[in-house]
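>>> Predicted model and sequence below, questions to follow.
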Amino acid sequence: MEHSSAEFFTTMHKDRQDNFIEELIAKTPMTPFQVIMVILCFILNMNDGIDVLVVSFTNTKVFSEWLLTKSQQGYIFSSGLAGMTLGCLFIAPLADRIGRRNLFIYAMSIETGGMLLSSIVTSYNQLLALRFLTGLGIGGLLPTMAAMATEYSNEKRKDLAVGFVQAGYPIGAIFMGFYTAWAVPLYGWRFAYLSAGIVSGTMLFMIVFFMPESIDYLSKYQPKNALQRINRILKKMGHATIDRLPSRTIVRKPGVRTLFSNQYRASTIGLFVGIFFGFMTLYTLISWVPSVAEESGMPYKMATYAGTFLNAGAFIGCIGIGWMAARFSLKKLIFTFLIVSSIITAAYGSFSPGYVLIFIMILLIGITVQGGFIGYYPAATRVYETEIRATGVGWAIGMGRFGAVAGPALFGILSDLNLSNSTLFILCAIPLIISGFTIFTVPSKNLK
């Protein structure tokens, strides 16, 4: 039975009333307002998918204009991913100090500026620098969205909410795939960057005018006017207001050192390793599948659709693992998805079937690789508490993103050495196996 906040408050034992906000969100059904907050994070992640994948879908056109080598193409991918890495490590943790909403505004401003300026570049080095700048903004946003979705979801729906938010990324990539297939032949690759920048600016407007702060953050950190802001959110959630703040529960200053305390050290290291190897293959496939398909003889539009199928599978995988996590062991799900994905990835490069089978295999790779890897996001949000959640998730994803930086660049270098596609995709499968086994090295009472 659903209770109002006032009824819920009075039924709680006195020594638990200071945890009122946390208990209210965790134990009561999600209200439409909470669902809307998760959907807003989903939309923001769609935008990130657009801004990251525009590089993959325009890569061959940039290559032909500037006569780039495969290695130089790989560096374009990796420069954005390097920015995302540093954004996760040094920008996302600011959300534990200045708030989730403020972080969204600052990071989205960086991302928007980077995308708009990318539409007017005249040299390879300019594009490298602006991809790095755009990546800084995206890297700050991604972990913070996971934290925000977790903090607006009840206990039953946390994993599904985080998986749903991550599913926005491939949906944005799908939209960009179809859009670039139409727009780039007509208006050129710079127009795709301009369009993506306009979408980012629209998302910034949405944050400023429609997204409140995390109620869990307000309750525990208690910044200026916290009580009034909490009550405004409670009204929107359909609950009664409160007349006092709970006792402030943040007793330690959030910081990276906390991640390596006795409580978190083993989990932190395990997350770093698992996410590193998952990212290595995931971003190699995202970055190179359209180019490899076009070089195998597919026309540009068909090759772009190959990347779109990869992201369609990713959407299914993100939603699927989020839904199944409420019913099965998250660790076992991550392991199963990634081991299956390693088998399909190795098989993909070993023979040359017709277009239909190619697209089916790409879809299955998207489901299993992205589904298994994205399981690490709800895993990380389970490991870390509110006061260090953005820092913990940010650093787990940030350190893991060194794999995302290395993967596409390494694939380009190995391609220049004339390794066969069969060898390249077998090599891509190995990190997935490592990532799948690593999840069992993450000890946490909240992760099974």
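Nice, I can see it.

>>> mind checking the SS state of residue 212?
coil (DSSP: H, G, I helix; E, B strand; the rest coil).

>>> Averaged pLDDT, the helix or strand containing residue 380. What do you get?
Element membership of residue 380 [criterion: DSSP states H and E] is helix 376-383. Helix 376-383 carries an average pLDDT of 86.

>>> Identify the residues contacting it?
146-147, 150, 158-159, 162-163, 166, 264, 267-268, 271, 274-275, 278, 322, 325, 330-331, 334, 389, 392-393, 396-397, 400, 439, 442, 444, 446-447 (Cβ atoms under 8 Å, 6 or more residues apart in numbering). Quick note: C-beta positions are derived from backbone N, CA and C, even for glycine.

>>> Buried members of these into ChimeraX, please.
The ChimeraX command for the buried members of the contacts of helix 376-383 (criterion: 16 or more other Cβ atoms under 10 Å) is given here:
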select :146,147,150,158,159,162,163,166,264,267,268,271,274,275,278,322,325,330,331,334,389,392,393,396,397,400,439,442,444,447
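
>>> which helices and strands sit right next to the longest helix along the chain?
Taking DSSP state H as the criterion, the chain has its longest helix at helix 32-66. In this structure, helix 32-66 packs against helix 70-86, helix 100-118, helix 124-151, helix 158-187, helix 189-210, helix 265-295, helix 300-324, with contacts taken as 3 or more Cβ pairs under 8 Å, 6 or more residues apart in numbering; DSSP states H and E.

>>> try 7 Å
With contacts defined as 3 or more Cβ pairs under 7 Å, 6 or more residues apart in numbering; DSSP states H and E, helix 32-66 has these neighbours: helix 70-86, helix 124-151, helix 158-187, helix 189-210, helix 265-295, helix 300-324.

>>> quick one, which of the ones you listed is nearest to residue 115?
helix 189-210 (3.5 Å; Cβ to Cβ).

>>> Name the residues of that closest one that come out as buried.
189-197, 199-201, 203-204, 206-207.

>>> Quickly note the distance from residue 144 to residue 138.
To residue 138, residue 144 is 11 Å away according to Cβ to Cβ, to the nearest Å.

>>> now swap in residue 227 and tell me
Counting by Cβ to Cβ - residue 227 and residue 138 are separated by 34 Å.

>>> which of the two has more neighbours?
residue 138 (29 against 15; other Cβ atoms under 10 Å).

>>> shouldn't residue 237 be in contact with residue 31?
Yes - in this structure, residue 237 is within contact of residue 31 by Cβ atoms under 7 Å, at 4.6 Å.

>>> pLDDT at residue 276, what is it?
93.
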